[in-house]
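Student: I'd like to go over a predicted model; first the sequence, then the structure.
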Amino acid sequence: MDIHANDARYAAEASPDVSAERVGEVYAEALFGVLENDPVRVGEMLEEFGGVISEGLTAFPDFEKVLSSRLVGAEEKIGMLDRVFGTRVSPMFLNFLRVVARHERLDCLRAIYARAVKRQDVLLGRVNVTVTTAAEILSDQTLRIADTLRGMLKGNPEISHQVDPSIIGGPYIRINGYFLDRTVKRRLRDMTASMKERCGA
């Protein structure tokens, strides 16, 4: 499947007034389609994409500004992409960058990458979980939390741990961006709010 075959769809669904998040969704979906949702190919592509973001955009913010500017023509941007990334990324991914440039969407590269990472999580059945506690927890405690969540979630939880001494009790759990607050601090806050309502405060 040739990524250029989707040009008309890109133009129709990623018009200038569409949000960056929606643009990211459209392009990520098309890219995964080209890769036939193959986990290995997706992983390789995201490694390349991540390198472009970190080594090309984050490391050189002025370069990112130029790529995002509407004052610079698409063909000029494509020339820049060829010179900078031509020998560093695969021909398929370079073609993808050219398509994004042709439709003046290089300002959305970060949004496309973020959406692609989320699609990879879904593809692999991966659920990102952040556990915040008042103190460090042992590795076996982390495993117990993962086992508990695995029974609740449709997917395999990948847990990262943070320490916040201001928490009373715990843990404070974030699952794919949504919070599951099990802290005493939250319960105390809710109790205080309830008492204020009853007292007319």
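Tutor: Received, thanks.

Student: Can you pull the domain assignment for the chain?
Tutor: Taking automatic domain parsing as the criterion, the chain consists of the domains 3-122, 125-199.

Student: What mean pLDDT does the shortest one get?
Tutor: Computed over domain 125-199, the mean pLDDT rounds to 77.

Student: Leaving out chain neighbours, which residue sits closest to the residue nearest in space to the middle of the chain?
Tutor: In the chain, the centroid-proximal residue (Cα atoms, centre = their mean) is A114; its distance is 2.7 Å. Distances taken as Cβ to Cβ, 6 or more residues apart in numbering put G24 closest to A114, at 6.2 Å, once the chain neighbours are dropped. (C-beta placed from N, C-alpha, C; glycine too.)

Student: how many other residues sit next to the one you found?
Tutor: Residues lying near G24 (other Cβ atoms under 10 Å) number 23.

Student: Now do the contacts for it.
Tutor: For G24, the contacting residues are C108, A111, I112, Y113, A114, R115, A116, by Cβ atoms under 8 Å, 6 or more residues apart in numbering.

Student: which one of those is nearest T130?
Tutor: Nearest to T130 out of the contacts of G24 is A114 (Cβ to Cβ; 16.4 Å).

Student: After the helix or strand encompassing the closest one, which helix or strand is next?
Tutor: If you go by DSSP states H and E, A114 is part of helix 109-123. Remark: after helix 109-123, the chain's next helix or strand is strand 126-133, criterion DSSP H and E.

Student: tell me what that next one is packed against?
Tutor: Under the contact definition 3 or more Cβ pairs under 8 Å, 6 or more residues apart in numbering; DSSP states H and E, strand 126-133 sits against helix 109-123, helix 139-152, strand 156-163, strand 169-175.

Student: Of all the ones you listed, which one is nearest I53?
Tutor: Per Cβ to Cβ, nearest to I53 of the helices and strands packed on strand 126-133: helix 109-123, 5.5 Å.

Student: and the closest one, how far out from the chain's middle?
Tutor: 5 Å (Cα atoms, centre = their mean, to the nearest Å).

Student: mind saving the C-alpha coords of it as PDB?
Tutor: The C-alpha trace of helix 109-123 is given here as PDB (Å, rounded to 0.1, in the frame of the first residue of the first chain):
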ATOM      1  CA  LEU A 109       4.200  16.300  14.000                       C
ATOM      2  CA  ARG A 110       4.200  16.100  17.800                       C
ATOM      3  CA  ALA A 111       0.400  15.500  17.800                       C
ATOM      4  CA  ILE A 112       0.700  12.800  15.200                       C
ATOM      5  CA  TYR A 113       3.500  11.100  17.200                       C
ATOM      6  CA  ALA A 114       1.500  11.300  20.400                       C
ATOM      7  CA  ARG A 115      -1.500   9.700  18.700                       C
ATOM      8  CA  ALA A 116       0.600   7.000  17.100                       C
ATOM      9  CA  VAL A 117       2.000   6.100  20.500                       C
ATOM     10  CA  LYS A 118      -1.500   5.800  21.900                       C
ATOM     11  CA  ARG A 119      -2.500   3.600  19.000                       C
ATOM     12  CA  GLN A 120       0.500   1.400  19.700                       C
ATOM     13  CA  ASP A 121      -0.600   0.900  23.300                       C
ATOM     14  CA  VAL A 122      -4.000  -0.200  22.000                       C
ATOM     15  CA  LEU A 123      -2.400  -2.500  19.500                       C
END
